[in-house]
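Undergrad: Below are the sequence and a predicted model for it; my questions follow.
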Amino acid sequence: MQVNLEKSFPLPFPASAAWTLLSDLPSVAACMPGAEITETVDDTHFKGKVKAKVGPATMAFNGEIVLKNIDHKKREMHMVGKGQDSKGSSSAELDLKAWMLAIDANHCELKGEAVVTVNGKVASLGGRLMTQVSDQILNQFGKNFVERVMARESASPENPSASGTASPAPTAPAKASELNGLSFAWSVFVGLIKGLFSPKKPDTH
Amino acid sequence: MIPGEFEYHAPATVDDAIQLLAQHPDDGKIIAGGHSLLPMMKLRFAEPAHLINIFEIPELKGITEEGSMLRIGAMTTESELIRSALINQKCPLIVEAAKMIADPQVRNRGTIGGDIAHGDPGNDHPAVMLALDADIVVKGPQGERTIAAKDFFLGTYVTALEPNEIITAIRVPASTPGTGYGFNKLKRKTGDFATAGATVVLHLKGNTCDEIRIALTNVGPTAFRAEAPEALLQGREIDDALIEQAAIKVMESCAPAEDLRGDAEYKCHMAAEMARRSIRDALARAKGN
Amino acid sequence: MAKKLIAFKLNNQPVEVLIEARELLVHVLREQLAQTGTHIGCETSHCGACTVDFNGESVKSCTVLAIQANGGEVLTVEGLAQNGTLHPLQEAFMQDHGLQCGFCTPGMLMRSFRFLQENPDPTEEEIRSGMAGNLCRCTGYQNIVKAVKSAAAKMQPA
Amino acid sequence: MATTAEELDRQALLEGIGCSRKRKEDPRFIQGKGNYVDDVKLPGMVYADMVRSPYAHARIKSINKEKALALPGVLAVLTAEDLKPLKLHWMPTLAGDVQAVLADEKVHFQYQEVAVVVATDRYIAADATELVEVEYEALPALVDPHKALDADAPILREDVKEKDNVGQGPRKHPNHIFSWEVGDRDTTQSALDTAEVVVKQDMLYPRVHPSPLETCGCVASFDKVKGQLTVYITSQAPHIVRTVVSILSGVAESKIRIISPDIGGGFGNKVGVYPGYVTAIVASIVLGTPVKWIEDRIENISTTAWARDYHMTGELAADISGRIKGLRVNVLADHGAFNSHAQPTKWPAGLFSICTGSYDIPTAHVKVDGVYTNKSPGGVAYRCSFRVTEAVYLIERMMDILAQKLNIDKAEIRRRNFIKADAFPYKTALGWEVDSGNYQAALAKVLDAVHYDDLRKEQAEKRSRGELMGIGLVTFTEIVGAGPSKACDVLGVGMFESAEIRVHPTGSVIARMGTISTGQAHQTTYAQIIATELGLPSEDIQIEEGDTDTAPYGLGTYGSRSTPVGGAATAVAARKIRAKAQKIAAHLLEVSEADLDWDVDRFKVKGVPGQEKTMKEIAWAAYNNVPDGMEMGLEAVDYYDPPNFTYPFGAYLCVVDIDKLTGETKVRRFYALDDCGTRINPMIIEGQIHGGLTEGFAVAMGQEMPYDAEGNLLGNTFMDYFIPTFVETPHWETDYTVTPSPHHPLGAKGVAESPHVGSIPCFTSAIVDAFAHLGVTHMDMPHSAYRVWQKIHELGLDKQA
């Protein structure tokens, strides 16, 4: 089954700064909850694994990531990751197009279009929750991405807002973690993203 | 359908259970009645290495009155809720909801604490807890804390419960004069999750609704309060026209995912219809109280 | 994984059995204790074919771990007849044609056995909701309702 | 025929035909002493479990068994490569195609069998399935049968890509299986061209699964020393299984023993031969130890045989008075990945051409095209005779649609088109000879019983208030009892049925049949037939079936064939015994045979009161005092090849109320009148009807097997797949008329499937009727609240004041 999601995460940084992170696939992968690049085959091909923990359920996928396209000018990237779960009973694919949209000199948005395709047992039995879970995982990704950019930028000497101030040492980049492990911060984040994307309004005649 | 291997623990006390959970932070899992977790384990979606059974812990059982509140032990089963004279008298909404959950055998094992902790948007107690403005009492290595229901449900399978904590009890206010409730759940058949559900608790002062909570089931990533229709009805004399306006606002607040139960449009409409019915039921009961 | 010895009462007889923690009660009853009357139909706690009486309540034994039965009391369909006399429900199921292929029957009997103790004089509607956790593909339920009702009448104290 | 009180008393003691005898099967079932396949435990038995494909369509790049084999307790992991040397990696299907036993290079549907693991217990086997590493290359899945024959459709079956025939005639595309046509194309075309009125409707009969409460499974036990194979199996056709296993394995049929013990419901799901059975047998032969394979519910719904999936277009030509002039039907049949549907071999669309129904239709034409898709293989009769449910649904929907078009009441349009009671036997335009019927009488009785006119008045009132009430009506004709061997065979074996009856010296009886009960209580009802025929009490008659070592060869129980064919064989075998008994009686009474009258349980000398021999006395004499030249003993065998099918019929009426705001349907009333000819056990008939109606309700109101675009089956547990509980199931009212079959020895026709076949279009008729005043003519199943609400919403009926 397939879930189509559109995402948008605002960042208080210039698009160019955020693009640095988005154009580095291993960093992007590290923002994906539970994901990890295990092998760089070449510039556009990687091997990796994802351990998705959703409530009591855990699934581990091993697979490949292909960077289909990267356009530094337009600040666009397109990657496809696909894998099979270690038990051989399910498979998942994430087709992600992401780009940085400049809002003004100091603000941008991370925009994303994701198509999540799952096959096997997880599609047959988990369909009821697939949209919501995919949505949450992508939100977590967005949150991790934002945090990483923030951490990087506030640590960066070129960043005018960071340099020369006595701000405390930047927090370490958020560890790409399993979904459930971050619930303490979740409510805050839910507040942050509320209203930024709203579900399709039903026809209410 | 056979679960993977695990080590089984049956702690005698909550503290023992918390200690076990601390010892197995990554691969320990609490089991209550098991009717959500065991099927997931049999499908091999969940494979905890340590299963900590709290179903039998005596301190997690029992229903008591604490002033104007009722304290329900987390391991109280749905059947025990239905049978409880105290709950029937002081908080009949819970009885009505419990009766609509699954089937008799499952209700003998399913617990209110398990239903809440699981974080499934299709579970029924979360909306009931939201509508009742309940408190969830949890305990961890740092001791006990109380989380308001409105702060508890964060997403699909995501709650404010820390991985090292256990729900020990639920505290709900006993019903007062002028309070009415409504619980309506549309389901395809016995044993199914709600296609959409709406729980309403309101209070009338004279004919004016001075307090109302509308909580929805299975039309978002988690159970949630529909604040816009609440705001609309709060402080008003509720009539059919107002209920209709509220129903539209209920619909607008929903963000359901399509599944075999229906598409988003259907579910939004059903949430609205369940809300209409629950508001009407609640009004009638409040007037009768 | 090390096996554990558990002990419980099965049909009023003490039994001991060595099990893995993950073994389901229904498997232990059927395979280790040779009580094959309890059946497996859906494995997701929907069909009720595996219903047994556990500590005075109906449960679906496909969704209970055997280890949870340690120290408890389990009654299966094999224990329903007493001293060679059939339970009134067993008689009623035969009399009212409450079974066909027989696969759901043990679960139906065990659930109705407990249900009639919870509600000794049920209406048809109460029987239907009280038995809602048990599926039957053959009978259309109508004769099962009839059987439970007639058994209830027979079991009423005179 | 018994007439006097004394005769009636003696007759009652027999508990024969017409008696609501209590079931002989019940004592074991109510005490938990049934013996189902999963209850079988043999010494040294080990367990098989399947590794299955997560993909609907993929190429298998590699399979690595090492980790699985390293798990303690794992005895074997078998793949197609292992079966190849035995030529068992593919097996023939009943329809002339082949089906992969274990996926050979490609998988063609989600959950397809890829490897089988055998281990010392079922827990280890389950663990090991996760350790078998299979590498796949996903291929585009073909899910929509309407796209199967597109030029750019993915080719599914590379193994038969080049073949111009896969067993059921020429084909026109690699994804095409067959085209089958019957009837007169030209006269039908001209009827449609010249008719005053034509109605046309597309309709989908969705794919549904019979889901008996017991899943499929087997215990295979190969005795290396004796070279004998014994298989306990959930099969509705054990003798056919033996033949197939013999052909596949090369083991002589006499060295194979197939036992169908107690079966926990079949409904068509247990007709086929499945990869699980074959691999368990192979594993037992390889390992020399008994192997048990029991599927779980997910496997049952996802991989073993389903029913229907007929995409139908009906066209009716009629005159302005509603008199039908012709019928044309085109069907696209989705057969899944392998053509393993279970029909009599020469009938690629089963008996679908019974679709002219209860009506006198002068000309008709039917065309059915079967195609492959990336879905599980199947296409069985789910509680119906072969494709008859689809046929009845088609014609009954078309009748309603025609009535609506002409603004004629749906009861009246049926009356105007019925085959008249005096027109039987009636030859249909598509070639069937309907044996007997009285449709007018059946319909009239139902309409009277429910006060039809009052219902219509009530409906008119409700409509004026904006409420949705629907009245469904169906007058169906079934075709059951396959079948005359000139028309029907399975793998070349004619579809006869058999009975072997042996009367012991003391007058008790053992009888064995080639059928197998899956809940129909053959032990009870066959004994009743013999009791009436032989005048011996049912209580003393032991019935055995299901063991191929002892039972005579039979084709099994499906398509309502037990009573029409097996019951006939039983009656005829009993009559052979009675004929011999008459000779013995004549000998004992020293009269000629012609001087004897049969009287309930004895032969009496005509006109000489007191000169008589009871059947019990004759039985004793059969073993010590027979006429010169006669063999001793009292037994007979009959292989009954029916001269025709039987044609049960019925009239059903359904009343529904629909909640406009949720789409929920309440079946307020369902009145089912069935005519199955002679009634052998009314209690059991009524029970069968309740069950059939309930399964019909399930199909009409909620069952479906939804596949997503990638070919994943969504909803393959009882959480999603609709099995109604006590709460959802309506209360049923039953009634009957009796129109015996003229060619059946007992006049019986078969009954268990009629209520399923008849009720499904009746529910649709009622639901559509609730919207008929708004111009709605058809709605596809399932009529779930969601789908009904969509119609309500589309029509704007849910608008709040």
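TA: Good, I have the coordinates.

Undergrad: list the contacts for the residue of chain A at minimum distance from chain C?
TA: Among the residues of chain A, A:L125 lies nearest to chain C; the distance is 9.4 Å by Cβ to the nearest Cβ. C-beta coordinates here come from the backbone N, C-alpha and C atoms, glycine included. Residues near A:L125 by Cβ atoms under 8 Å, 6 or more residues apart in numbering or on different chains: B:L43, B:F45, D:I298, D:N716, D:T717.

Undergrad: part of a helix, is it?
TA: Yes: counting by DSSP: H, G, I helix; E, B strand; the rest coil, one finds A:L125 located in a helix.

Undergrad: Where does pLDDT dip in chain A?
TA: Counting by pLDDT under 70, the low-confidence segments of chain A come to A:156-205.

Undergrad: Try it again at 80.
TA: The model of chain A has pLDDT under 80 over residues A:153-205.

Undergrad: Who are the contact partners of the residue nearest to the spatial centre of it?
TA: Residue closest to the mean C-alpha point of chain A, counted by Cα atoms, centre = their mean, is A:F141 at 2.9 Å. For A:F141, the contact set (Cβ under 8 Å, 6+ apart) comprises A:C31, A:M32, A:P33.

Undergrad: A:V149 is in contact with the first one, correct?
TA: Right, A:C31. No: using Cβ atoms under 8 Å, A:C31 is not in contact with A:V149, being 9.6 Å away.

Undergrad: Looking only at neighbour counts, state which of these two leads.
TA: Shown here are A:C31 and A:V149; by other Cβ atoms under 10 Å in any protein chain shown, A:V149 has more neighbours (25 against 22).

Undergrad: Tell me who's in contact with the residue nearest to that one when sequence neighbours are not counted.
TA: Nearest non-adjacent residue to A:V149, counting by Cβ to Cβ, 6 or more residues apart in numbering or on different chains: A:A18, 5.1 Å away. By Cβ under 8 Å, 6+ apart, A:A18 lies in contact with A:L11, A:M100, A:C108, A:L110, A:V149.

Undergrad: which of those are buried?
TA: Buried by 16 or more other Cβ atoms under 10 Å in any protein chain shown: A:L11, A:M100, A:C108, A:L110, A:V149, out of the contacts of A:A18.

Undergrad: if we can go back for a sec, and the contacts of A:L125, which two are the farthest apart?
TA: The span of those, defined through Cβ to Cβ, is set by B:F45 and D:N716 at 14.6 Å.

Undergrad: who's more crowded, the two?
TA: Comparing B:F45 with D:N716 by other Cβ under 10 Å, the one with more neighbours is D:N716, at 25 against 22.

Undergrad: Can you report phi and psi for the more buried one?
TA: phi -110, psi 30 (degrees, to the nearest 10).

Undergrad: neighbouring contacts of stretch D:683-694?
TA: With Cβ under 8 Å, 6+ apart, stretch D:683-694 has contacts from C:97, C:100, C:137-143, D:20-23, D:383, D:519-521, D:524-525, D:670, D:672, D:674, D:676, D:679, D:724, D:729-730, D:732, D:734, D:736, D:751-757, D:759.

Undergrad: Tell me how many other residues crowd the residue of chain C found nearest chain A.
TA: Of all residues in chain C, C:T44 sits closest to chain A, at 9.4 Å by Cβ to the nearest Cβ. C:T44 is flanked by 23 other residues according to other Cβ under 10 Å.

Undergrad: quick one: contacts for it?
TA: C:T44 neighbours (Cβ under 8 Å, 6+ apart): B:M1, B:P39, B:K42, C:C62, C:T63, D:R297, D:T717, D:F718, D:M719.

Undergrad: Looking at those residues, which one is closest to chain A?
TA: Minimum distance to chain A across those is 6.9 Å, recorded for D:T717 (Cβ to the nearest Cβ).

Undergrad: interface residues of chain B facing chain C?
TA: B:1-8, B:10, B:34-35, B:38-39, B:42, B:51, B:53, B:55, B:79, B:102-106, B:108-109, B:190-191 (Cβ under 8 Å from any Cβ of the partner chain).

Undergrad: The residue most central in space within chain C sits in which helix or strand?
TA: In chain C, the residue lying closest to the centroid (Cα atoms, centre = their mean) is C:M110, at 2.8 Å. Per DSSP states H and E: C:M110 is located in helix C:105-118.

Undergrad: Could you pull out the buried residues of stretch A:65-81?
TA: Buried residues in stretch A:65-81, counting neighbours by 16+ other Cβ under 10 Å, are found at A:I65, A:L67, A:I70, A:R75, A:E76, A:M77, A:H78, A:M79, A:V80, A:G81.

Undergrad: Partner strands of the helix or strand containing the first one and their direction?
TA: Counting by DSSP H and E, the secondary-structure element that holds A:I65 is strand A:57-71. Using DSSP bridges, the strands paired with strand A:57-71 are strand A:45-54 (antiparallel), strand A:76-85 (antiparallel).

Undergrad: which residues touch the last one?
TA: The contact list for strand A:76-85 (Cβ under 8 Å, 6+ apart) reads A:22-23, A:25, A:28-29, A:48-50, A:59-71, A:90-99, A:120, A:122, D:54, D:135-136.

Undergrad: Put the alpha carbons of that strand into PDB.
TA: Extracted C-alpha coordinates of strand A:76-85, given in PDB (Å, rounded to 0.1, in the frame of the first residue of the first chain):
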ATOM      1  CA  GLU A  76      16.400  19.900  -4.700                       C
ATOM      2  CA  MET A  77      17.100  16.300  -4.000                       C
ATOM      3  CA  HIS A  78      15.400  13.100  -4.800                       C
ATOM      4  CA  MET A  79      16.200   9.800  -3.100                       C
ATOM      5  CA  VAL A  80      14.700   6.400  -3.000                       C
ATOM      6  CA  GLY A  81      15.400   4.000  -0.200                       C
ATOM      7  CA  LYS A  82      14.100   0.500  -0.200                       C
ATOM      8  CA  GLY A  83      14.500  -2.400   2.000                       C
ATOM      9  CA  GLN A  84      13.200  -5.700   3.100                       C
ATOM     10  CA  ASP A  85      12.600  -6.500   6.800                       C
END
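
Undergrad: which is the next helix or strand following it?
TA: Next along from strand A:76-85, by DSSP H and E: strand A:90-104.

Undergrad: ok, that following strand near chain D or not?
TA: Yes: applying Cβ under 8 Å from any Cβ, one finds strand A:90-104 touching chain D at A:S90, A:S91.
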